[in-house]
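1. Below is the structure, and that's it, no one-letter string:
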Ligand code: GLU
């Protein structure tokens with residue numbers, strides 16, 4: 001084996017910190033103050049339970065060994081096992097993972113699921129590695145995580161740059177570490193698996209369908225038809241694509257898309273399915289799509305449209321961007337796309353924001369269905385799953401709307417109030433050990 005110092009790192013230069021942790025804490029504190037959250041419970045919820053940083057070696061295709069940095073942060077498990085995705089991205093660091101783990105606690109609490117919140121990932125640009133390298137990286141990371149994850153303890157799922165294939169590798173690696181008679185009962189150590197490996201029909205579209213549903217519920221509430229409404233999407237991964245798919249099906253028109261490679265526009269509309277086909281043959285990039293024109297990155301959020309769907313990374317809509325936004329509604333497919341400062345500007349301008357912990361919760365609700373299916377040895381059908389998802393999203397959306405209207409607060413604060421109050425009730429009931 002080569003020595004570590006011989007390794008030529010493939011890593012990108014580290015990008016500036018995203019500041020998501022500061023954002024989630026500000027959101028939490030203002031909601032906690034509003035409801036006079038018990039100060040002891042506030043102390044508990046202000047910190048993460050466990051933070052794991054793992055350095056692990058992986059052999060590259062050329063025989064060199066590279067060291068990777070992986071994370072798993074478990075914020076809170078008062079309501080049930082830790083739950084949350086794994087993200088492969090160069091901007092991943094401990095603070096980003098902490099912020100994302102905290103958002104998961106609010107999201108699962110708001111959705112009424114029997115889960116806590118966690119998040120993890122690897123600081124890596126996956127586009128720089130071959131599929132076989134990514135498989136070894138994923139398997140070695142899973143092995144290193146060991147029993148810090150588990151089907152009744154901490155259940156990862158897909159997130160940015162991870163997918164059902166990643167989950168299949170994790171499930172297989174984790175199950176392989178158990179004795180043969182115990183393997184199959186560990187299948188629900190991850191959700192978002194491929195169909196045929198314990199995956200749920202429709203888990204692929206669950207987040208995007210949920211984002212679409214929240215937009216539809218809001219439009220119905222406002223007596224607005226989505227037909228012919230224009231929308232822009234930042235991120236054309238799983239969430240961005242499926243949201244666009246359902247909005248287009250409803251008659252809305254995609255007029256701008258931004259991904260990691262560039263920004264494209266067409267006022268007459270961009271065909272969602274054609275764009276997806278194009279990206280499949282273009283290394284996942286939207287750039288160069290025939291029926292469109294490329295514009296500067298900085299002009300994206302200022303595009304003329306009715307609906308804006310940030311479905312990529314956190315801290316995208318900042319106070320500099322907020323005044324440029326033309327959309328009357330922002331549906332947060334991503335986690336933490338809007339900063340607290342930007343939100344204040346947008347709310348003052350009368351822009352509605354469907355907050356991430358509500359808007360993109362279809363993903364983890366779908367994960368819950370998959371987990372139940374595995375746990376009970378059942379196989380659910382797509383129609384039934386989408387119907388259950390619809391019912392759950394409607395129920396949670398309505399609760400948030402009622403609190404928002406009755407307390408005259410924005411939807412994010414209303415969602416936080418509901419999420420925190422559920423946790424508060426649990427802590428009041430059970431007390432603090434010993
Ligand atoms: N990564 C998704 C999220 O941020 C899904 C998490 C899950 O299903 O556990 O909500």
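-> Yep, it's here. Bear in mind that the values here come from a model prediction, so they are computed numbers and not experimental data.
2. C-alpha from now on. contacts and neighbour counts both.
-> Noted.
3. so where is the stretch 51-200 of the chain shaky, pLDDT-wise?
-> Within the stretch 51-200 of the chain, not a single segment meets pLDDT under 70.
4. Quick check: which element contains the residue of the stretch 301-434 of the chain found nearest the ligand?
-> Residue nearest to the ligand within the stretch 301-434 of the chain: residue 364 (3.5 Å; CA to the nearest ligand atom). Under the criterion of DSSP states H and E, residue 364 resides in helix 362-376.
5. what's next to that helix, contact-wise?
-> Residues from elsewhere that reach helix 362-376 (CA atoms under 8 Å, 6 or more residues apart in numbering): 84, 108, 111, 113, 157, 185, 187-188, 191-192, 198-200, 202-203, 206-211, 379-380, 385, 389, 393.
6. Filter those down to the buried ones, ChimeraX style.
-> Buried residues among the contacts of helix 362-376 (16 or more other CA atoms under 10 Å), as a ChimeraX selection:
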select :84,108,111,157,187,188,191,192,198,199,200,202,203,206,207,208,209,210,211,385,389,393
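7. Cross-check the contacts of helix 362-376 against the ligand and keep the overlap.
-> When contact is defined as CA under 6 Å from any ligand atom, the contacts of helix 362-376 meet the ligand at 84, 157.
8. From the contacts of helix 362-376, which land in helices?
-> In this view, the contacts of helix 362-376 that belong to helices under DSSP state H are 108, 203, 206-211, 385, 389, 393.
9. residues in contact with the nearest residue to residue 253 once chain neighbours are set aside?
-> Among residues not flanking residue 253 along the chain, residue 230 sits closest, at 4.7 Å (CA to CA, 6 or more residues apart in numbering). Taking CA under 8 Å, 6+ apart, we find residue 230 in contact with 252-255, 305-307.
10. Look at residue 230 and report its pLDDT.
-> Residue 230 is assigned a pLDDT of 98 by the prediction.
11. For it, give me the backbone phi and psi.
-> Per-residue torsions, residue 230: phi -100, psi 150 (degrees, to the nearest 10).
12. And it, how far from the ligand?
-> To the ligand, residue 230 is 26 Å away according to CA to the nearest ligand atom, to the nearest Å.
13. do residue 274 as well
-> Relative to the ligand, and taking CA to the nearest ligand atom, residue 274 is found at 26 Å.
14. mind listing the helices in the stretch 51-200 of the chain by residue range?
-> Here the stretch 51-200 of the chain has its helices, by DSSP state H, counting those that start in this stretch, at 94-110, 131-145, 164-176.
15. most packed of these?
-> Stretch with highest mean neighbour count among the helices of the stretch 51-200 of the chain: helix 94-110 (a mean of 25; mean count of other CA atoms under 10 Å).
16. Up against the ligand, what does this structure have?
-> By CA under 6 Å from any ligand atom, the residues of the chain that approach the ligand are 83-85, 156-159, 361, 363-364, 367.
17. 8 Å instead?
-> 83-87, 100, 104, 107, 119, 155-160, 191-192, 207, 334-335, 357, 360-368 (CA under 8 Å from any ligand atom).
18. Flag the shaky bits of the stretch 201-350 of the chain, pLDDT-wise.
-> The stretch 201-350 of the chain contains no residues with pLDDT under 70.
19. Can you tell me how far the residue nearest to residue 253 is from residue 343?
-> Look at residue 230 and residue 343: by CA to CA, to the nearest Å, they are 22 Å apart.
20. Restricted to helices, list the contacts of residue 230.
-> Those of the contacts of residue 230 lying in helices (DSSP H): none at all.
21. Of these, just the buried ones, PyMOL syntax please.
-> Buried subset of the contacts of residue 230, written as a PyMOL selection, criterion 16+ other CA under 10 Å:
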select buried, resi 252+253+254+255+305+306+307
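22. Can you name the residue of the stretch 151-300 of the chain nearest the ligand?
-> When distances are taken as CA to the nearest ligand atom, the stretch 151-300 of the chain reaches nearest to the ligand at residue 159, 4.0 Å away.
23. Angles on the backbone of that residue, please.
-> Dihedral angles for residue 159 - degrees, to the nearest 10 - are phi -150, psi -150.
24. List the residues that contact it.
-> 85-88.
25. Same question for residue 108.
-> Neighbour list for residue 108: 114-117, 361, 364 [criterion: CA under 8 Å, 6+ apart].
26. rerun at 10 Å
-> Contacts for residue 108 (CA atoms under 10 Å, 6 or more residues apart in numbering) come out as 79-80, 82-84, 114-117, 357-358, 361, 364-365, 368, 419.
27. I'd like to know which of those residues are buried.
-> Taking 16+ other CA under 10 Å as the criterion, what is buried in the contacts of residue 108 is 79-80, 82-84, 115-117, 357-358, 361, 364-365, 368, 419.
28. so of the residues you listed, which ones are in strands?
-> Counting by DSSP state E, those place 82-83, 117 in strands.
29. got CSV for those, with distance to residue 429 too?
-> Listed next are those as CSV, based on distance: CA to CA, whole Å:
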residue, distance to residue 429
82, 20
83, 22
117, 20
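30. okay, now the nearest residue to residue 203 once chain neighbours are set aside: neighbour count?
-> With CA to CA, 6+ apart as the criterion, residue 203 has its nearest non-adjacent residue at 5.5 Å, and that residue is residue 366. By other CA atoms under 10 Å, the residues close to residue 366 number 26.
31. swap in residue 375?
-> 16.
32. Tell me the spacing between it and residue 336.
-> Counting by CA to CA - residue 375 and residue 336 are separated by 31 Å.
33. next one: residue 148
-> Counting by CA to CA, the gap from residue 148 to residue 336 is 26 Å.
34. These two: which has the busier surroundings?
-> Higher neighbour count among residue 148 and residue 336: residue 336, with 27 against 14, using other CA under 10 Å.
35. So the more buried one belongs to a helix, correct?
-> No. Using DSSP: H, G, I helix; E, B strand; the rest coil, the assignment for residue 336 is coil, not a helix.
36. isn't it right next to residue 25, touching?
-> No. Judged on CA atoms under 10 Å, residue 336 makes no contact with residue 25 at a distance of 11.4 Å.
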